[in-house]
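Undergrad: Sequence below, structure please.
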Amino acid sequence: MAIQWFPGHMHLTRQAIADRIKETDVVIELLDARLPGSSANPLLAELTGSRPKLKLLNKQDLADPTQTQAWLAHYNALPATRAIGLDASETAPAQRLIDACRALAPLRGGMAKPLRVLICGIPNVGKSTLINTLTGKKATKTGDEAGITKVEQRIVLASDFYLFDTPGMLWPRIIVEKSGYNLAASGAVGRNAFSEEEVALELLNYLKQHYPAGLAERYKLDAVVGLDDEAVLAEIGRKRGALQSGGRINLQKAAEVVVYDLRAGNLGRVTLETPEEYAAWLAAGELLDAERVAKKKRRKGAPAEET
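TA: This is a model prediction of the structure:
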């Protein structure tokens with residue numbers, strides 16, 4: 001199943017970013033530290049071009065610390081890019097963000113040339129919560145639901161530092177299948193766009209391979225290695241009392257438990273992709289998408305190599 005979700009207000013956000021970027025010095029992209037590659041918006045990279053970028057790996061307190069360091073190193077190795085980690089325990093991150101942005105645009109600053117920063121991110125990545133922390137007041141609405149923020153806001157963090165907040169935005173076509181599942185598991189995708197059971201099975205498949213001990217401990221399972229994904233989900237349903245008449249397992253309820261536990265951090269500190277894994281998924285996704293485009297052109301009678 002390919003997961004896609006791009007409601008109407010995201011078209012407006014895309015246009016707003018395209019307009020705002022003309023007067024932007026630095027772009028902050030908020031990423032989910034549990035899925036840094038999947039939560040990096042390729043459409044945003046296209047819209048912002050060569051503008052200096054600050055990658056914020058948010059929710060790092062929920063992510064595997066070893067993998068967070070690997071992702072920070074990955075992004076810090078990119079040109080005109082800095083990356084830092086954030087988590088809910090940091091009550092005053094504003095100065096760190098301001099300092100990092102100033103380092104990326106050293107020629108901007110002062111009242112004559114205030115630093116203009118655009119902050120972007122996928123839905124439900126914690127951007128509204130971060131901005132409320134930065135401002136020390138409830139400047140934006142928050143909630144565990146994709147697509148809460150709908151309008152652009154300007155926030156003054158210093159006399160010469162203007163932060164422009166945009167609504168959360170995905171991209172029109174998710175070509176990396178695993179990214180679709182990870183985004184759905186994290187809460188970045190609206191519930192009407194995916195099946196919790198399919199997402200939970202994909203999630204369990206990864207956790208079995210990378211975090212089997214934590215998975216077994218959370219659900220009091222004797223073992224998970226060697227069991228197929230459906231069997232693990234069924235056992236979780238049995239342990240959590242997700243039963244129907246006749247003792248049958250309610251797999252939908254069991255799946256909801258697994259997805260909720262990931263979002264709440266109840267499965268321990270887990271990261272759902274490494275830089276190397278994501279690079280391989282992306283390469284495979286780009287190949288399949290190129291084949292899809294070529295096939296579509298052949299059906300229309302146009303040469304495959306044309307754009």
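Undergrad: I'd say Phe161 and Leu97 touch.
TA: No: look at Phe161 against Leu97 with C-beta atoms under 8 Å: they stay out of range, at 9.2 Å. Using the backbone N, CA and C atoms, a C-beta is placed for each residue, glycine as well.
Undergrad: Okay, now the unreliable bits of the stretch 1-150 of the chain?
TA: Along the stretch 1-150 of the chain, segments meeting pLDDT under 70 span 1-2, 4-10, 137-150.
Undergrad: what ranges do the helices span in the chain?
TA: Taking DSSP state H, the helices of the chain run over residues 8-20, 42-48, 65-76, 94-104, 127-135, 177-186, 196-210, 212-219, 229-239, 251-264, 275-300.
Undergrad: How far does the first one sit from its chain's centre?
TA: To tie it back to what came earlier, the one meant is helix 8-20. Centroid separation between helix 8-20 and its chain, computed with C-alpha atoms, centre = their mean, to the nearest Å, is 18 Å.
Undergrad: how about this structure, which residue sits the furthest from its center?
TA: The C-alpha centroid of the chain is most remote from Gly246, which lies 39.8 Å away (C-alpha atoms, centre = their mean).
Undergrad: domains of this protein?
TA: 8-165, 195-264 (automatic domain parsing).
Undergrad: Would you mind putting these into a markdown table with distance to Ile174 alongside?
TA: Below are the domains of the chain laid out as a markdown table (distance: least, C-beta to C-beta, whole Å):
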| stretch | distance to Ile174 |
| --- | --- |
| domain 8-165 | 9 |
| domain 195-264 | 13 |
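Undergrad: And the residue farthest from the centre of the chain, how close does it get to Lys253?
TA: 15 Å (C-beta to C-beta, to the nearest Å).
Undergrad: follow-up on the earlier one: in contact with the residue farthest from the centre of the chain: list those residues for me.
TA: Listed by C-beta atoms under 8 Å, 6 or more residues apart in numbering, Gly246 has no contact partners.
Undergrad: Next one: it from Cys101, what distance?
TA: Distance of Gly246 to Cys101, computed by C-beta to C-beta: 60 Å.
Undergrad: just Gly241 next, same as before
TA: 49 Å.
Undergrad: Between those two, which has more neighbouring residues?
TA: Cys101 (25 against 10; other C-beta atoms under 10 Å).
Undergrad: So what pairs up with the nearest residue to that one once chain neighbours are set aside in the strands?
TA: Leaving aside its sequence neighbours, Cys101 sits nearest to Val26 (C-beta to C-beta, 6 or more residues apart in numbering; 4.6 Å). Using DSSP bridges, the bridge partners assigned to Val26 are Val117.
Undergrad: Could you report the distance from Val26 to Thr166?
TA: Counting by C-beta to C-beta - Val26 and Thr166 are separated by 14 Å.
Undergrad: what about the two, which has more around it?
TA: Val26 (26 against 21).
Undergrad: Quick check: the gap between the more buried one and Gly121.
TA: 15 Å.
Undergrad: Also Pro42?
TA: 14 Å.
Undergrad: Arg248 now?
TA: For Arg248, the distance to Gly121 - C-beta to C-beta - is 41 Å.
Undergrad: Of these two, give the one with the bigger neighbour count.
TA: More crowded of Arg248 and Gly121, by other C-beta under 10 Å: Gly121, with 28 against 11.
Undergrad: so what's that one bridging to?
TA: With DSSP bridges as the rule, Gly121 is bridged to Leu30.
Undergrad: I am assuming it contacts Lys127, so please confirm or correct that.
TA: Yes: using C-beta under 8 Å, Gly121 is in contact with Lys127, at 4.5 Å.
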